[in-house]
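Engineer: Quick one, fold the following:
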Amino acid sequence: MSRNYVVLAVFKRNVKSYFSGILGYLFIVAFVVAASTFAFSAQFFTKNVANLDQLTEWFPILLLFLVPAITMSAWADEKKLGTAELLFTLPASDAEILLGKYLAVLAVYTVALGFSVTQLFVLSYIGNPDWGLIFSTYFGYWLAGAALVSAGMFASVLTSSATVAFVLGAAICAVPVFIGHMPFANDFFLTLSVPERLTDFGTGLIPLNGLLYFGSLTAFMLYLNLVAISRRHWGADRQANMGWQYAARVLSTVLTLSSLNYLASHATLRADLTSEKLFTLSDATSDLLDGLEKKRPVTIQVFVSPQVPRAYVPVRQQLLGLLRQYDQLGGSLIDVRIVDVEPSSEEAEQAETLGIQPVVVRNDRDGRQTMEKVYLGARISTSF
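Structural biologist: Residues are numbered from 1 along each chain as shown. This next block holds a predicted model:
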């Protein structure tokens with residue numbers, strides 16, 4: 001069991017070290033500016049909805065630069081300056097030192113994220129944001145950052161160069177960020193993707209499977225940190241033997257956590273923080289989903305326009321959010337297929353062949369009045 005005063009001492013030492021120079025402040029300023037740029041892009045004003053959807057879409061990419069910048073010196077500078085040996089001679093266990101360092105780096109990330117809350121003043125000034133939605137979104141940002149911070153620290157422990165640690169950190173963090181977009185990716189790899197897990201938080205939900213995902217990713221990367229700093233205890237004659245043992249342990253941990261997250265991806269427990277409880281299913285809908293166990297599997301093929309006029313943006317968001325709930329709650333009994341439809345495309349022809357006709361609406365785009373076709377339809381079928 002860790003001693004709190006030891007952890008606190010390491011925590012204070014590392015927080016003071018980070019803010020002792022101007023570089024740390026520059027990273028925070030750069031993060032806040034970049035986050036504001038993504039949040040209030042041209043698309044934000046086109047949709048005219050007071051939320052952080054645009055920032056949520058780009059936030060995992062933003063973390064690829066912020067997290068390595070914060071974590072690159074966590075262990076690398078200790079090695080470079082020769083203070084690592086002194087640190088490990090203190091009357092503290094490896095786990096206590098690791099926990100203190102992790103909490104310190106997490107505190108720095110939390111401060112950076114806290115400064116970005118200034119965006120909420122802009123949202124409240126120009127609109128009427130759903131504060132439950134905003135809270136769940138920021139909570140998701142914090143969880144995603146907390147998980148990737150542990151990954152960035154692992155990159156730092158592998159080298160004595162902060163620059164190399166930054167590059168390695170970005171590369172390691174890129175794995176959970178992009179794994180769902182790899183050519184070989186399927187539903188299993190999609191469940192291990194940071195953007196996929198962040199989506200629910202961005203719609204106003206706090207799902208149990210999302211909490212488990214970010215928690216397990218954090219725990220696994222901290223375990224790798226602990227293995228790396230514990231190598232000094234192995235001794236030269238035991239390096240190879242201990243290396244194989246820990247490699248087997250790491251592989252077993254990866255398989256176990258991946259399997260647990262895949263199983264948890266179908267968990268139905270989630271908190272709906274939206275003010276109107278937009279994604280809380282009624283009793284009748286829940287009974288209908290439960291009744292599917294005795295019937296044939298259902299396929300919901302949805303045809304939607306990627307860009308819709310302002311009046312249709314909330315409708316589109318709620319539709320896709322509800323369909324996501326149906327897909328997750330229905331498990332293998334409901335297959336939701338979302339098709340983006342552009343006018344005069346093959347997808348548009350397919351939609352119209354299935355009886356889904358577009359609605360022609362007037363839209364004000366860049367000060368010009370245009371008539372646009374909007375697709376917001378679905379076809380429900382059952383397998384025989």
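
Engineer: just for this protein, where's the confidence low?
Structural biologist: Within the chain, the set of residues satisfying pLDDT under 70 comprises 1-2, 184-185, 232-246, 261-268, 292-295, 364-368, 383-384.

Engineer: Skipping adjacent residues, who's closest to residue 50 in space?
Structural biologist: residue 127 (2.9 Å; Cβ to Cβ, 6 or more residues apart in numbering). Glycine gets a C-beta too; all of them are placed from N, C-alpha and C.

Engineer: Which secondary structure element is home to residue 300?
Structural biologist: Take DSSP states H and E as the rule and residue 300 turns out to sit in strand 298-304.

Engineer: And that strand, what does it pack against?
Structural biologist: Where contact means 3 or more Cβ pairs under 8 Å, 6 or more residues apart in numbering; DSSP states H and E, strand 298-304 is packed against helix 313-330, strand 334-340, helix 346-353, strand 376-382.

Engineer: buried set for that strand?
Structural biologist: Buried positions in strand 298-304, judged by neighbour count with 16 or more other Cβ atoms under 10 Å: 298, 300-304.

Engineer: List the neighbouring strands of it plus their orientation.
Structural biologist: Under the criterion DSSP bridges, strand 298-304 sits next to strand 334-340 (parallel), strand 376-382 (antiparallel) in its sheet.

Engineer: So what touches the last one?
Structural biologist: Taking contacts as Cβ atoms under 8 Å, 6 or more residues apart in numbering, the residues outside strand 376-382 that touch it are 295-305, 308, 312, 315-316, 319, 323, 351, 354-357, 359.

Engineer: what angle do that strand and helix 313-330 make?
Structural biologist: In terms of direction (axes from the mean of the first three to the mean of the last three Cα atoms, to 10 degrees), strand 376-382 departs from helix 313-330 by 20 degrees.

Engineer: Kindly export strand 376-382 (C-alpha atoms) in PDB.
Structural biologist: Coordinates of the C-alpha atoms in strand 376-382 are reproduced here as PDB (Å, rounded to 0.1, in the frame of the first residue of the first chain):
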ATOM      1  CA  LEU A 376     -32.800  11.700 -43.300                       C
ATOM      2  CA  GLY A 377     -34.500   8.300 -43.800                       C
ATOM      3  CA  ALA A 378     -34.200   4.700 -42.700                       C
ATOM      4  CA  ARG A 379     -35.200   1.200 -44.000                       C
ATOM      5  CA  ILE A 380     -35.800  -1.500 -41.400                       C
ATOM      6  CA  SER A 381     -35.700  -5.100 -42.500                       C
ATOM      7  CA  THR A 382     -35.500  -8.500 -40.800                       C
END
